[in-house]
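Participant: give me a 3D structure for the following:
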Amino acid sequence: MNIKNYIRDIQDFPKEGILFKDITPLLNNPEARTNCLKILVDSLKGQKIDKVVGAESRGFFFGMLLAQELNAGFIPVRKPKKLPFETISASYELEYGFDSLEMHTDAIKNGDRVLVHDDVLATGGTAKAVCELVEKLGGEIVQCNFLMELSFLNGREKIKDHPIFSAITY
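Facilitator: Residues are numbered from 1 along each chain as shown. Now for the predicted structure:
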């Protein structure tokens, strides 16, 4: 099964000139979703994972499934002021300006083996910020794991010090 067949292209979303990769057809198909999860899990080659960190918001979908499959905790990383407890934050650059992400301060213990997951690796800003949060709390990043990678945006360069896996590359 080719999971690329379940990714829909949406032209000019969210703004003109962007070709958006829509994963909702993949999420809607149980067989494709299960196959994709298997690909993501198999990339870990039996490594022990204590926590899966999912980036808001599309990283939550497979992040939770990965945590369940790996018998690991799940940690949501969210936009500012969305988490109710004490947080740490990391900023990252957008095309026009900056944004930041937050994680609870008690989410990771020193030495936890962490899988960082998001739906797409594009420019790498989000992934880099998530990695900074994990490492600030003492976590060891086992892998940065993505459903898809837009390789022409060179996001790998920002997280090249960590193992990287993408189920699909464009």
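
Participant: can you give me how far stretch 75-95 is from the chain middle?
Facilitator: 14 Å (C-alpha atoms, centre = their mean, to the nearest Å).

Participant: in it, which residues are buried?
Facilitator: Buried positions in stretch 75-95, judged by neighbour count with 16 or more other C-beta atoms under 10 Å: 75, 76, 77, 78, 83, 87, 89, 90, 92. Quick note: C-beta positions are derived from backbone N, CA and C, even for glycine.

Participant: could those go into a markdown table alongside secondary structure?
Facilitator: Shown next, in a markdown table, are the buried residues of stretch 75-95 (DSSP: H, G, I helix; E, B strand; the rest coil):
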| residue | secondary structure |
| --- | --- |
| 75 | strand |
| 76 | strand |
| 77 | strand |
| 78 | strand |
| 83 | coil |
| 87 | strand |
| 89 | strand |
| 90 | strand |
| 92 | strand |
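
Participant: can you redo these as CSV with distance to residue 155 and pLDDT?
Facilitator: Putting the buried residues of stretch 75-95 into CSV (distance: C-beta to C-beta, whole Å; pLDDT from 0 to 100) gives the following:
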residue, distance to residue 155, pLDDT
75, 21, 98
76, 21, 98
77, 16, 98
78, 20, 98
83, 25, 98
87, 24, 98
89, 21, 98
90, 16, 98
92, 11, 92
